[in-house]
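Undergrad: need a structure here:
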Amino acid sequence: MDTGVYNNLLSTFDSKYTTKYVNDSHELRSVVKRIRTQTQKSPVYLVNFTNAKQEYVLGVKEASMKINESLKTLADDSPDGVFSKKKARSSDSDQIGAELLSSDQSRIPSAFTIRVKQMANSQINQGTEYYETGKGLQAGSYQFRITVNDVGYDFQYNIRRDANHREVIQGLSEFITKAKIGIKAEPYTTGTGKVGMRLESTMVGSPDGRESFTLQDRTVDEAGRGIVGYYGLNKVVVKPKNAIFDLNGVEKTSMNNEFTLGRVVKVSLHHASDKGAMVDYHPDSDAIIEGIQGFVSSYNELIEHNIVFVNKTGTTPKLLHELKGLTNPFRNELESCGFTFDQDGYMDLDLSLAAQAIEAGDMQKIFQMDAAMTGRLYMKADAVKINPMEYVDKKVVSYPNFTKPPRGYSYITSLYSGLLFNSYC
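TA: Next up is the predicted model:
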């Protein structure tokens, strides 16, 4: 065998994925034992190793290993298995949303009902309106304090000579907002050419029912006017409110429109309603479909390697026929779950039908390891992984001598295809 060509193929076919089974000693011992058993019964072959054959055997081995791993993942029925993953679902997503924060089944609470009576809202202050080009306070330095949830912040703002109301309010709004104390301030205008300031707390609710923030002048001008009082910044037009809702018929309150139940379910309140919404749990179809698409991709990769090899060499597509023969008896079952096959054997997945099959539990039945199709496909991919040379032309040199005790060689496969134990096994 041309080792230079093989070294080049190693870089070409370097594993593009990682497997959680790479350090599974049981798996490794099983592979060694099976190779030894196979070499006890296998004839000695003479192989004309073209580049096409080497690319093919390496490609189908890697694709077969991906199929095996994806089937193992889908067949995992442990609490960490893909079909064990759940997601919270609201019967009225316009009223409330729900999201699971933990996959620990033992911590997930029972289904519950919520009716939103009142949404939490922020505090809004709206100041006195003045004509934009008018002038008011004298030039100078003005000090004031903003108290946010009992924490005071002292400010000093300078008004330059000849500054009009638009310039003062614009500059003061930016000054307050940039301080990042939990208040967003911005100017607003009216249709009559007037301007005022609007202040809104960035947080909703109030711990004690009082205002979230207040403003107070610390200095005034010669006329006794401070910047807070003159521009009416302390005038509350919308008071902060906490959310009020019924949880399984018991009234609860929350300062926010989002809260967590038992540190497991995050609930988002969207609007008040006179009807309750139920939150329960369903299979996480997104995570499951992602796992199934990984299987479909691996299966199609195996088909692709075979079609390319057949087109290059004109050989009989033995493995393609075997795969079609393996899946044909289960076509109706597969199609009902969203799987379809084109004339070349490529597999496709209808996401809508797949989601319905997941919800009904039919998809999980297909991918259980004791299911007929999954078991057969797993064994076929496993056989291809161990001996991909089965599917290339070769000449028999000698048969094993069955009159003597059998001898098996763990690395005999590498003599044919360079498939020495690597990062896959």
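Undergrad: and stretch 229-244, which residues are buried?
TA: Neighbour-count burial for stretch 229-244 flags Gly229, Tyr230, Tyr231, Gly232, Leu233, Asn234, Pro240, Lys241, Asn242, Ala243, Ile244 (criterion: 16 or more other Cβ atoms under 10 Å). Any C-beta I mention is one placed from the backbone N, CA and C, and that applies to glycine too.
Undergrad: Nearest the geometric middle of the protein, what residue?
TA: By Cα atoms, centre = their mean, the mean C-alpha position of the chain lies nearest to Ala287, the distance being 7.5 Å.
Undergrad: That one is in contact with Val82, isn't it?
TA: Yes: look at Ala287 against Val82 with Cβ atoms under 8 Å: they come within range, at 5.9 Å.
Undergrad: now the strands for the stretch 101-250 of the chain?
TA: Ranges of strands in the stretch 101-250 of the chain, per DSSP state E, counting those that start in this stretch, are 112-118, 124-126, 130-131, 140-148, 151-159, 183-189, 194-201, 213-217, 236-238, 243-247, 250-254.
Undergrad: what does the stretch 301-425 of the chain give?
TA: The residue ranges that make up the strands of the stretch 301-425 of the chain, judged by DSSP E, counting those that start in this stretch, are 339-341, 347-349, 395-398.
Undergrad: Deepest-packed of these, please.
TA: Mean neighbour counts were taken over these using mean count of other Cβ atoms under 10 Å, and the top value, a mean of 18, falls to strand 339-341.
Undergrad: where exactly do the helices run in the stretch 51-200 of the chain?
TA: Assigned by DSSP state H, counting those that start in this stretch, the stretch 51-200 of the chain shows helices spanning 51-75, 165-178.
Undergrad: Go through those and find the least confident stretch.
TA: Of all the helices of the stretch 51-200 of the chain, mean pLDDT reaches its minimum on helix 51-75 (a mean of 91).
Undergrad: Counting by contacts, list what that helix packs against.
TA: Under the contact criterion of 3 or more Cβ pairs under 8 Å, 6 or more residues apart in numbering; DSSP states H and E, the helices and strands touching helix 51-75 comprise helix 3-12, helix 285-313, helix 372-386, helix 413-417.
Undergrad: what's the closest of the ones you listed to Leu74?
TA: Taking Cβ to Cβ as the criterion, helix 285-313 is the member of the helices and strands packed on helix 51-75 that comes nearest to Leu74, at 5.5 Å.
Undergrad: any idea how far the closest one is from the chain center?
TA: Average the C-alpha atoms of helix 285-313, do the same for its chain, and the two points are 22 Å apart (Cα atoms, centre = their mean, to the nearest Å).
Undergrad: try stretch 151-170
TA: Computed by Cα atoms, centre = their mean, the chain-centroid distance of stretch 151-170 equals 47 Å.
Undergrad: Next, the buried residues of it.
TA: Of the residues in stretch 151-170, those with enough neighbours to count as buried (16+ other Cβ under 10 Å) are Phe155, Ile159, Ala163, Asn164, His165, Arg166, Glu167, Val168, Ile169, Gln170.
Undergrad: correct me, but Ile35 touches Ile386?
TA: Yes: taking Cβ under 8 Å as the contact criterion, Ile35 and Ile386 are neighbours in contact, 6.4 Å apart.
Undergrad: Looking at the two, which is more packed in?
TA: Taking Ile35 and Ile386 together and counting by other Cβ atoms under 10 Å, Ile35 has the greater number of neighbours (23 against 20).
Undergrad: thinking again about what came up before, would you mind finding the most buried of the helices of the stretch 51-200 of the chain?
TA: Mean neighbour count (mean count of other Cβ under 10 Å) peaks for helix 51-75 among the helices of the stretch 51-200 of the chain, with a mean of 22.
Undergrad: got the angle between that helix and helix 285-313?
TA: For helix 51-75 against helix 285-313, the angle by axes from the mean of the first three to the mean of the last three Cα atoms, to 10 degrees is 160 degrees.
Undergrad: hang on, the earlier thing: how about the strands of the stretch 301-425 of the chain, which one is nearest Ser141?
TA: Put simply, out of those the one that sits nearest Ser141 is strand 347-349, at 69.0 Å, with distance taken as Cβ to Cβ.
Undergrad: Which residues are in contact with Glu129?
TA: The neighbours of Glu129, taking Cβ atoms under 8 Å, 6 or more residues apart in numbering as the test, are Thr190, Lys194, Val195, Gly196.
Undergrad: Redo those residues as a markdown table? Include distance to Ile181, neighbour count and pLDDT.
TA: Formatted as a markdown table, these follow (distance: Cβ to Cβ, whole Å; neighbours: other Cβ atoms under 10 Å; pLDDT from 0 to 100):
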| residue | distance to Ile181 | neighbour count | pLDDT |
| --- | --- | --- | --- |
| Thr190 | 27 | 11 | 90 |
| Lys194 | 27 | 16 | 96 |
| Val195 | 23 | 23 | 97 |
| Gly196 | 21 | 19 | 97 |
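Undergrad: Which of those sits closest to Ile176?
TA: Top of the list for closeness to Ile176, among the contacts of Glu129 and by Cβ to Cβ, is Gly196 at 14.1 Å.
Undergrad: what's the distance between the closest one and Thr147?
TA: Spatial separation of Gly196 from Thr147 under the definition Cβ to Cβ, to the nearest Å is 21 Å.
Undergrad: from what I can see Tyr188 touches Met197, true?
TA: Yes: between Tyr188 and Met197 a contact is recorded at 7.4 Å, counting by Cβ under 8 Å.
Undergrad: okay, and the common contacts of those two?
TA: Once Cβ under 8 Å, 6+ apart is applied, the residues that Tyr188 and Met197 both contact turn out to be Gln126.
Undergrad: the more surrounded of the two?
TA: Between Tyr188 and Met197, counted using other Cβ under 10 Å, the more crowded position is Met197 (23 against 14).
Undergrad: Can you give me every residue that contacts the nearest residue to the more buried one once chain neighbours are set aside?
TA: Among residues not flanking Met197 along the chain, Gly127 sits closest, at 4.2 Å (Cβ to Cβ, 6 or more residues apart in numbering). Listed by Cβ under 8 Å, 6+ apart, the contact set of Gly127 reads Ile169, Gly196, Met197, Arg198, Leu199, Tyr231, Gly232, Leu233, Lys235.
Undergrad: pLDDT at the last one, what is it?
TA: Just to be clear, that refers to Lys235. Per-residue pLDDT puts Lys235 at 97.
Undergrad: Bridge partners for the residue lying closest to it once chain neighbours are set aside, pull those for me.
TA: Computed as Cβ to Cβ, 6+ apart, the closest residue to Lys235 that is not its neighbour in sequence is Asn125, at 5.8 Å. Listed by DSSP bridges, the beta-bridge partners for Asn125 are Leu199, Val236.
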